[in-house]
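Enquirer: No letters, just coordinates:
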């Protein structure tokens, strides 16, 4: 569906430029955006590679497992439906830790494994369980302490202080997470 929406926007823009005689602007923008995209990928890649490497070291050394174990009591409160030592809790914790470091790409495999693990204990296979919905809310709220992608983009565009965004991002992620979890609980109680 999203592909169709983007295709509609692109085709509409091209047709509009043809009718208004601004086809040169479209050609210029296509070439400039391709160049900007390439520069962005090159600049973000180095920061992302650094943090992905750190996450891999943390995973291999067992640090990620220890951090996940520390988060498990909090996650047991957020996911009361799950058994205490269920493997999903560790996978959810690993996903949250990767997201905290601003590594959505590193968090994705943990998130997929967590959803798969939650699906195994789901009673209704064609409907998302309460835990699956809560995890989706938690994952979507984007618990981020170090917004590496935003910092990389600020570096790319020559920001004088690219890390000054950390505190506002931290406040925003705390607010969105609390609001998301409160709404999740409210709707869960209302559904019962």
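Expert: Received, thanks. All values derive from a computational prediction rather than experimental measurement.
Enquirer: What ranges does this structure have for its helices?
Expert: Taking DSSP state H, the helices of the chain run over residues 2-20, 23-61, 63-78, 87-100, 104-120, 130-140, 148-156, 166-191.
Enquirer: count of residues packed around residue 67?
Expert: Residues lying near residue 67 (other C-beta atoms under 10 Å) number 16. Glycine gets a C-beta too; all of them are placed from N, C-alpha and C.
Enquirer: Show the contacting residues for the residue nearest to it when sequence neighbours are not counted.
Expert: In space, and not counting its chain neighbours, residue 67 is closest to residue 97: 5.4 Å by C-beta to C-beta, 6 or more residues apart in numbering. Going by C-beta atoms under 8 Å, 6 or more residues apart in numbering, residue 97 touches 64, 67-68, 71.
Enquirer: pLDDT at residue 97, what is it?
Expert: In this model, residue 97 is scored at 82, pLDDT.
Enquirer: Next one: it relative to residue 151, how far apart?
Expert: 18 Å (C-beta to C-beta, to the nearest Å).
Enquirer: And for residue 46?
Expert: Distance, residue 46 to residue 151, using C-beta to C-beta: 12 Å.
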